[in-house]
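Chemist: Prediction below, plus the sequence it came from.
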Amino acid sequence: MLALVAIVPSAPLLVPELAGPAAVEAEAIRGAVREVADQLASAASSWIAVGAADLAGGARGSIDYSGTGEFGAYGVSVPVNLGKKGESTGSQPLPLSMLIACWIRGEVAQDISITPFVVDPEASPAECAARGRELAALLSATPEPVGVLVVADGSTALSSSAPGGGLRESAVELQQMIDTAIAAADCEAITELDPSACAVEGVGGRAAWQTAAAACTTPLAAKVDYCAAPFGVGYTVATWTPVGCPPVDGGAR
């Protein structure tokens, strides 16, 4: 049973050891992420983390991932894990999206377990819809409340110093469409995002958002906690709550 969807960035800068003390712009993002993670932990004791495989050399399809990982490839070997129920004997390294999900879990609730649900970043909307139906089936088959943590980034071309080649108005327009859709929990608009346009503008989270949107089969109430691009990349922190579910108090755990 779906309890809550939390949407967060797939950004290494969330981890203080990776960003360093000079990245003060990250403090607001971290605060918002912690807030929605607390809400997710209050809503459910098990999470399904939805995120893209690493684009360069990332594994595709159903993979038996390792239950542990670390951020050594991003500068500091900060260890993370999927939690007790998420332990695995697999050998495939966790992609960045899952490392971020594990780090968030470790920050807010050691007793939470995570099931990775990794999608191909280049999957077509139809393929994302199929994966979304798989996710919906997992949720409906579980009588206990389950939280869905969607780890995904927006465009990489939202400022003059953005990593995607600087500021592009086309990227800004696309990001505004994405932000509007997330803020309204408009799953139909998300499923209609154009893969080619997203690829051109560096929207790495398109497949993860489309998969999560396809899995949501009931009306949702949306709340945005953070929406900005301080480093030229679109970062959104939000929650979608199934209509009819009571609001979750992040401090209730």
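Modeler: Looks like it came in fine.

Chemist: Low-confidence bits of this structure, can you list those?
Modeler: 22, 56-63, 85-89, 245-253 (pLDDT under 70).

Chemist: residues in contact with stretch 222-233?
Modeler: 9, 11, 13, 25-26, 28-29, 32-33, 35-36, 153-164, 167, 175, 179, 182-185, 202, 235-241 (Cβ atoms under 8 Å, 6 or more residues apart in numbering). All C-beta spots, glycine's among them, are computed from the backbone N, C-alpha and C.

Chemist: Which of those residues are buried, as a PyMOL select command?
Modeler: Filtering those down to the buried ones (16 or more other Cβ atoms under 10 Å) takes a single PyMOL command:
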select buried, resi 9+11+13+26+29+32+33+35+36+153+154+155+156+157+158+159+162+164+175+179+182+185+202+235+236+237+238+239+240+241
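
Chemist: and residue 55, what does it touch?
Modeler: So residue 55 contacts 121, 122, 204 (Cβ under 8 Å, 6+ apart).

Chemist: Which stretches in this structure count as strands?
Modeler: With strands called from DSSP state E, the chain shows them at 2-8, 46-52, 68-70, 79-81, 113-119, 146-151, 220-228, 235-242.

Chemist: possible to save those strands as CSV with distance to residue 127?
Modeler: Shown next, in CSV, are the strands of the chain (distance: least, Cβ to Cβ, whole Å):
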stretch, distance to residue 127
strand 2-8, 20
strand 46-52, 12
strand 68-70, 25
strand 79-81, 28
strand 113-119, 8
strand 146-151, 17
strand 220-228, 22
strand 235-242, 22
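
Chemist: Leaving out sequence neighbours, find the closest residue to residue 203.
Modeler: Once flanking residues are discounted, residue 203 sits nearest to residue 155: 5.2 Å by Cβ to Cβ, 6 or more residues apart in numbering.

Chemist: I'd like the distance between the one you found and residue 36.
Modeler: 21 Å (Cβ to Cβ, to the nearest Å).

Chemist: among the contacts of residue 55, which ones are buried?
Modeler: Here, 16+ other Cβ under 10 Å leaves 121, 204 buried among those.

Chemist: Including distance to residue 139, could the contacts of residue 55 go into TSV?
Modeler: Output for those, formatted as TSV (distance: Cβ to Cβ, whole Å):
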residue	distance to residue 139
121	22
122	25
204	24
